[in-house]
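*Asks:* below is the sequence, then the predicted model.
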Amino acid sequence: MSEACARQASGAGDCPCTYPGCSRHGNCCQCVSHHCAKDQLPACYFTPEQEKSYDRSVAYFISCRNG
């Protein structure tokens, strides 16, 4: 996979991830790939409050939706 993402510069302002020091911040290509490899979802699938938990699991996502 390429390290560059054509949308990285434009995605940085819209990226909802608040994880300190995230090297993938604003780089949707790398973020989705990273979380997919861990059977997780990226921050953009969660509300701002849910995102602050840093729980990116599919189970957490489903529990939030079924709440």
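*Replies:* Thanks, I have it. Numbers count the residues shown, from 1 in each chain.
*Asks:* report the central residue of the protein.
*Replies:* residue 42 (2.4 Å; Cα atoms, centre = their mean).
*Asks:* contact partners for that residue?
*Replies:* 17, 28, 31-32, 35, 56 (Cβ atoms under 8 Å, 6 or more residues apart in numbering). Yep, even glycine has a C-beta here, placed from its N, CA and C like the rest.
*Asks:* again, only this time at 7 Å
*Replies:* Contact analysis of residue 42 by Cβ atoms under 7 Å, 6 or more residues apart in numbering lists 31-32, 35, 56.
*Asks:* can you check residue 45 too?
*Replies:* For residue 45, the contacting residues are residue 61, by Cβ under 7 Å, 6+ apart.
*Asks:* can you confirm residue 16 is in a helix?
*Replies:* No. Assessed with DSSP: H, G, I helix; E, B strand; the rest coil, residue 16 is coil; it does not lie in a helix.
*Asks:* perfect, I'm done here.
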